[in-house]
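Visitor: Sequence unavailable; structure follows:
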């Protein structure tokens, strides 16, 4: 494969096939990452989308996702609590915004938010916007109905997060308490309500690189704009506790291939950045152009201040995209 020729075709609107994506993944490493970085600059410029999250509702989740510390199926000894109070979340959002983070997401454990939770999230969102009108607020709340998405949108939620996690074929190896189609239906319901979508998955679950490609192709079909790439951070007492984290080369090949498949998307390094060299700095020159910064859900994240300096050194302009 001539990766340079294919890069130019993508610039001109060409859509890569599954077979080509597999060749891309296995192409010369240096040429691949360089071409992906050029595609990122061509389609997205130097804009860099940074968000931060709060573990707004923790633990006691009924789902059996094998990677997750918050599942009630595994004894991981994490803190468990219902949806945090308004003051705590609003103050946290303002703190992160004042430190330069333009996008803020409330992440709630569980299969889906209750009607009471939806109303509370709406109230919290309105209060955040009263204090910081320039912020962008997102929600990750599992399987939600279109009617509830419409309520969230009316309150000011701009984007919903719902990871596919992996490919359709590999998903049953990771979770059996809900289906791949339930996730896709949730994403479609959010789109029907007029919301932006943030959806990606984890790498290092034991999947093949072809599963990562299949996930990216599904995300392309769903027209997803923000694509989180999480590197599995093996959690003790979960079924995947003995998985070896992927190499930085595998991470970068994944990000670069995703850039060819999803040339205009935000490829967002998310969980597991603490396991990466320099918190994933090389991935930001391999097609990635977004990140989650600060404290994560149950694992260590990257310092906001160090991240902002890191992004400036890479000549990125931080903004909500």
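Guide: Yes, it's here. Not measured: the values here are computed from a predicted model. Numbers count the residues shown, from 1 in each chain.

Visitor: got the contact list for the residue positioned nearest the centre of the chain?
Guide: The structure's the chain has its C-alpha centroid closest to residue 228; by C-alpha atoms, centre = their mean the separation is 2.4 Å. For residue 228, the contact set (C-beta atoms under 8 Å, 6 or more residues apart in numbering) comprises 161, 163, 198, 199, 200, 201, 268, 269, 270, 271, 292. Placement of C-beta: from N, CA and C, glycine included.

Visitor: give the contact list for the closest residue to residue 176 other than its chain neighbours.
Guide: Of all residues not flanking residue 176 in the chain, residue 64 sits nearest, at 6.1 Å (C-beta to C-beta, 6 or more residues apart in numbering). For residue 64, the contact set (C-beta under 8 Å, 6+ apart) comprises 71, 73, 175, 176, 177.

Visitor: And those residues, which of them are buried?
Guide: 71, 175 (16 or more other C-beta atoms under 10 Å).

Visitor: Nearest to residue 21, out of the contacts of residue 64: which one, please.
Guide: Nearest to residue 21 among the contacts of residue 64: residue 175, at 24.4 Å, using C-beta to C-beta.

Visitor: returning to that earlier point: three-state assignment of the residue nearest to residue 176?
Guide: coil (DSSP: H, G, I helix; E, B strand; the rest coil).

Visitor: any idea how far it is from residue 202?
Guide: Using C-beta to C-beta, to the nearest Å, residue 64 is found at 15 Å from residue 202.

Visitor: Now do the residue lying closest to residue 207 once chain neighbours are set aside against residue 163, distance only.
Guide: Nearest non-adjacent residue to residue 207, counting by C-beta to C-beta, 6+ apart: residue 170, 4.7 Å away. To residue 163, residue 170 is 13 Å away according to C-beta to C-beta.

Visitor: Show me which of the contacts of residue 228 is closest to residue 251.
Guide: residue 269 (8.2 Å).

Visitor: check contacts around the closest one.
Guide: Taking C-beta under 8 Å, 6+ apart, we find residue 269 in contact with 228, 229, 255, 276, 280, 283, 284, 288, 290, 291, 292.

Visitor: Give me the number of neighbouring residues for residue 123.
Guide: Number of residues near residue 123 (other C-beta atoms under 10 Å) recorded here: 13.

Visitor: Pretty sure the residue nearest to residue 207 sits against residue 211.
Guide: Yes - between residue 170 and residue 211 there is a contact at 4.5 Å, judged by C-beta atoms under 8 Å.

Visitor: Tell me the pLDDT of residue 122.
Guide: Per-residue pLDDT puts residue 122 at 97.

Visitor: whoops, I mixed them up, residue 318
Guide: 88.

Visitor: Phi, psi for it please.
Guide: Dihedral pair for residue 318: phi -80, psi 130, per degrees, to the nearest 10.

Visitor: Compute the number of surrounding residues for the residue nearest to residue 275 when sequence neighbours are not counted.
Guide: Nearest residue to residue 275, sequence neighbours excluded (C-beta to C-beta, 6+ apart): residue 245, at 4.9 Å. Using other C-beta under 10 Å, residue 245 has 16 other residues around it.
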